[in-house]
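Visitor: Structure for this input, please:
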Amino acid sequence: MSDVLSQNEIDNLLAAISSGELDADEFKQTNEKHVKIYDFARPSKFSKEHLRTLNIIFEHYGRLLATNLPAYLRKNVQVEVINSEAVTYSEFTNALSNPVLLGVVDFAPLDGQIIIELADNLGYAVVDRMLGGGGYPLEKVRDFSEIELSIIERIFNVCTNLLREPWANVIEIEPRLMRIETNSQFAQIISPSEMISIITLNIKIGNIEGMMNICLPYVCLEQVIDKLNTKYWYSTMQSRDDKSYNDLIEIAISRARVPLRAVLGKSTISVNDFMNMQRGDIIKLNSKVDDELNVYVGNLNKFTALPGASAGTYAVKISSIIRGEE
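Guide: The predicted structure follows:
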């Protein structure tokens, strides 16, 4: 059927409408078009897929924080990703408290910087813990001193270096902490109207909880924004079998340093003799010159050896290996 009416069909249609045989309302469109509102002040540069991939990246990052920070703080650390969203940079800075801990991080080779924001109560807890305290925040909030910022900078450097591994499937980055700011006015890394993604992590150090926000500007991630999707993520993940992991563990263990000591012998003396001991005094041991020495690795007796010299220094020559923990 043709979509174009002939002149006779048009005349008949007009006549039918004029006479009332046809109702013109029946020909009106009943399907209304839905208009999607677009906010030009907040362009949607980050899709849900982008935020989902960032969520996966920083879940990995959270596990690294929970594993590495206890070595410095000597306390249990729990990290959980609780939110990821896209906002303008002005919305992020307007929500910051005072004082605030902002770590400005160079995200090379990508252009620009990112910001790591740490809650002030966590900052005080870190300082207290690093100085031998129980890891508790201050009751009354105050500005951070230069000494406290130097201590916190060590933890920020650890957090910055741990960013490498989670981003390895997207791009090899070399993050570097540039400075720590306690005033958001001095951390204007981009225009206030620029879009950013914020990843919020909940960190628990002992019994103290606080937030860490990672601010990722779109201009910084623009070069790799196409790679921020789960399909690309899983397709580039390097699968490693158990053997490769065993090799890595073996290499890591082989590089570990352990104390090694050879015991020449033992002796028992009085406290008075020990107090009056001087250079040149002779201590009688319970072993002979030609007796084998016990060699300890850590606290385990692993070898027997004969004493001697090598290149003008004292040395021992391994004579037997002790199997097991004897």
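Visitor: helices or strands up against the helix or strand that contains His60?
Guide: Taking DSSP states H and E as the criterion, His60 maps to helix 48-73. Applying 3 or more C-beta pairs under 8 Å, 6 or more residues apart in numbering; DSSP states H and E, we find helix 48-73 packed against strand 77-88, helix 120-130, helix 146-161, strand 195-205, helix 230-236. Every residue, glycine included, has its C-beta placed from N, CA and C.
Visitor: buried stuff in it?
Guide: 50-51, 53-54, 56-58, 61-62, 64-66, 69, 73 (16 or more other C-beta atoms under 10 Å).
Visitor: One more: stretch 96-110?
Guide: Under 16+ other C-beta under 10 Å, the buried positions of stretch 96-110 are 96, 99-107, 110.
Visitor: Can you pick out the most distant pair from those?
Guide: Pro99 and Leu110 (28.8 Å; C-beta to C-beta).
Visitor: For this protein, which segments are assigned as strands?
Guide: Counting by DSSP state E, the chain has strands at residues 77-88, 101-106, 113-118, 176-181, 195-205, 208-217, 260-263, 293-297, 300-310, 313-321.
Visitor: Just put these in TSV and tack on distance to Asn246 and mean pLDDT.
Guide: Shown next, in TSV, are the strands of the chain (distance: least, C-beta to C-beta, whole Å; pLDDT from 0 to 100):
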stretch	distance to Asn246	mean pLDDT
strand 77-88	28	87
strand 101-106	34	88
strand 113-118	34	88
strand 176-181	33	88
strand 195-205	32	89
strand 208-217	33	88
strand 260-263	25	86
strand 293-297	22	86
strand 300-310	23	86
strand 313-321	24	86
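Visitor: Redo those as a markdown table? Include distance to Asn8.
Guide: Converted to a markdown table, the strands of the chain look like this (distance: least, C-beta to C-beta, whole Å):
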| stretch | distance to Asn8 |
| --- | --- |
| strand 77-88 | 59 |
| strand 101-106 | 77 |
| strand 113-118 | 72 |
| strand 176-181 | 80 |
| strand 195-205 | 59 |
| strand 208-217 | 66 |
| strand 260-263 | 110 |
| strand 293-297 | 108 |
| strand 300-310 | 109 |
| strand 313-321 | 112 |
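Visitor: between those strands, which gets nearest to Ser287?
Guide: strand 293-297 (7.6 Å).
Visitor: Next, give phi and psi for Val141.
Guide: When quoted as degrees, to the nearest 10, the phi and psi of Val141 stand at phi -70, psi 140.
Visitor: Find the nearest non-adjacent residue to it, please.
Guide: Once flanking residues are discounted, Val141 sits nearest to Asp120: 6.4 Å by C-beta to C-beta, 6 or more residues apart in numbering.
Visitor: Okay, the spatially closest residue to Pro192 that is not a sequence neighbour and Ile196: tell me how far apart.
Guide: Among residues not flanking Pro192 along the chain, Ser90 sits closest, at 3.7 Å (C-beta to C-beta, 6+ apart). Separation of Ser90 from Ile196 (C-beta to C-beta, to the nearest Å): 10 Å.
Visitor: before we move on, back to that, for burial, what's the neighbour tally of the residue nearest to Val141?
Guide: 21 (other C-beta atoms under 10 Å).
Visitor: OK, contacts around it?
Guide: 97, 99-101, 137, 141, 210 (C-beta atoms under 8 Å, 6 or more residues apart in numbering).
Visitor: could you redo the residues you listed as a markdown table and give each row distance to Val289?
Guide: Shown next, in a markdown table, are those (distance: C-beta to C-beta, whole Å):
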| residue | distance to Val289 |
| --- | --- |
| Ser97 | 72 |
| Pro99 | 68 |
| Val100 | 69 |
| Leu101 | 63 |
| Pro137 | 62 |
| Val141 | 69 |
| Gly210 | 64 |
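Visitor: Specify which member of these is nearest to Asn229.
Guide: Among these, and counting by C-beta to C-beta, the member closest to Asn229 is Gly210, at 31.2 Å.
Visitor: on that earlier part again, tell me how many other residues crowd the residue nearest to Pro192.
Guide: What Ser90 shows, counting by other C-beta under 10 Å, is a neighbour count of 15.
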